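A.B. asks: what follows is a protein structure lacking sequence information:
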């Protein structure tokens, strides 16, 4: 039979426990990381304020708030294969990320990230309005700059007196309000 290192230690063939000198790197320990999100009243205020914004900015923020998707997942959605208007669904099968200045299709972050998300009527209506206002390409958000939306979002929060949260925290808002 093959001997495991624990057997060697147990039978005193190894004089010291080899793991005694191992130091854990706990930099990625997220136990004490505070999650930021909008409260229900701030969520409602944000949706109300978005009514006055350009449809391209509005669609991204509302998609994040109403679905909880990651930015990369939203940018990876294509009109034909991932948006089911009839059944009010998004099918998340890929993500899009900027690599060396170009948008690149990538696999989902994890296996469990591949999923279907139901979307509310209000988002379906907004998607119809958005599609009518652009020349549709393959990806739903293809006409929107991936990086500029986060900078715009920061300025928009300040301008409208909303609490400062990161764009990713819209995902946290969705989960918290669920």
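C.D. replies: Good, I have the coordinates. As the structure is a prediction and not an experimental result, all values here were calculated from the model.

A.B. asks: all strands of the protein, in order?
C.D. replies: Applying DSSP state E to the chain gives strands spanning 83-84, 89-92, 95-99, 102-106, 115-118.

A.B. asks: which one of those lies nearest to residue 178?
C.D. replies: Shortest separation from residue 178 across these is recorded for strand 115-118, at 11.5 Å, computed as Cβ to Cβ. In this view, the C-beta of every residue, glycine as well, is placed from N, C-alpha and C.

A.B. asks: coming back round to it: so of the strands of the chain, which one's packed in deepest?
C.D. replies: The highest mean neighbour count among these belongs to strand 89-92 (a mean of 18), with neighbours defined as mean count of other Cβ atoms under 10 Å.

A.B. asks: what separates that one from the chain centre, distance-wise?
C.D. replies: For strand 89-92, the distance from its own C-alpha centre to the chain's C-alpha centre is 13 Å (Cα atoms, centre = their mean, to the nearest Å).

A.B. asks: that strand: partners in the sheet, and parallel or antiparallel?
C.D. replies: Sheet pairing for strand 89-92, assigned by DSSP bridges, gives strand 83-84 (antiparallel), strand 115-118 (antiparallel).

A.B. asks: re the thing from before, make JSON lines out of the strands of the chain and add distance to residue 16 and mean pLDDT.
C.D. replies: Rendered in JSON lines, the data for these read as follows (distance: least, Cβ to Cβ, whole Å; pLDDT from 0 to 100):
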{"stretch": "strand 83-84", "distance to residue 16": "60", "mean pLDDT": "97"}
{"stretch": "strand 89-92", "distance to residue 16": "49", "mean pLDDT": "97"}
{"stretch": "strand 95-99", "distance to residue 16": "45", "mean pLDDT": "92"}
{"stretch": "strand 102-106", "distance to residue 16": "44", "mean pLDDT": "92"}
{"stretch": "strand 115-118", "distance to residue 16": "47", "mean pLDDT": "96"}
